[in-house]
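Asker: here is the input, now give the coordinates:
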Amino acid sequence: MKTTAAVVIALSATLSIARADSWTTYRIPESGTSVEIPTSIFTELAGKPDGYGQQFRTSDGSADLTVQAVANQEDLSPAEFLSRKNPPAGIIYQRIAPSFFVVSSIKRDKIWYDRCNFSRRYVHCVLINYPTAEKRQWDHVVTRISHSLSGG
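Answerer: A predicted model of the protein is given here:
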């Protein structure tokens with residue numbers, strides 16, 4: 001009986017992730033940051049990050065999303081900015097381009113994904129943490145969020 005309940009709960013969580021059917025554009029007016037977020041998944045506010053923006057999380061707390069903009073007063077390149085963030089060792093995926101970077105890895109059974117786009121005055125970022133066991137269900141969600149990130 002307990003196994004059946006666990007399977008039903010796991011399937012319900014997976015279906016809610018796969019059914020990211022309600023999206024909205026979140027904007028940070030101070031920086032011009034804009035990104036599409038699935039409001040059907042990230043249903044709760046979870047505080048404010050450094051700089052400007054908002055943190056969100058799923059109702060069960062298994063995943064979170066941070067939309068953030070910070071001033072790039074020193075005009076750092078993506079590589080310089082990333083190195084100053086002191087990313088954890090063991091990065092599985094890393095791409096650094098002239099106007100953005102993407103890094104991803106696994107930490108404590110969660111995938112963490114960080115993308116930052118660079119504009120003239122600001123660094124516009126999305127940071128997403130979600131269960132590794134649900135990677136396939138999250139792939140399209142993370143891709144849509146990442147590709148929609150922009151900033152003025």
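Asker: could you use CA atoms for every contact and neighbour count after this?
Answerer: Noted.
Asker: mean confidence (pLDDT) on stretch 69-87, please.
Answerer: Over the span of stretch 69-87, the pLDDT mean works out to 91.
Asker: and that stretch, how far out from the chain middle?
Answerer: 17 Å (CA atoms, centre = their mean, to the nearest Å).
Asker: what does stretch 117-126 give?
Answerer: For stretch 117-126, the separation from the chain centroid amounts to 14 Å (computed by CA atoms, centre = their mean).
Asker: how long is it from one end to the other?
Answerer: 9 Å (CA to CA, to the nearest Å).
Asker: quick one: buried residues of it?
Answerer: 117-119, 121-126 (16 or more other CA atoms under 10 Å).
Asker: do stretch 96-107 as well
Answerer: Residues 100-106 are the ones in stretch 96-107 that count as buried (16+ other CA under 10 Å).
Asker: can you check stretch 54-66 too?
Answerer: Buried, per 16+ other CA under 10 Å, within stretch 54-66: 54-58, 63-66.
Asker: mean pLDDT per helix and strand in this protein: which one sits at the bottom?
Answerer: Ranking every helix and strand in the chain by mean pLDDT, DSSP states H and E puts helix 2-18 at the bottom, with a mean of 44.
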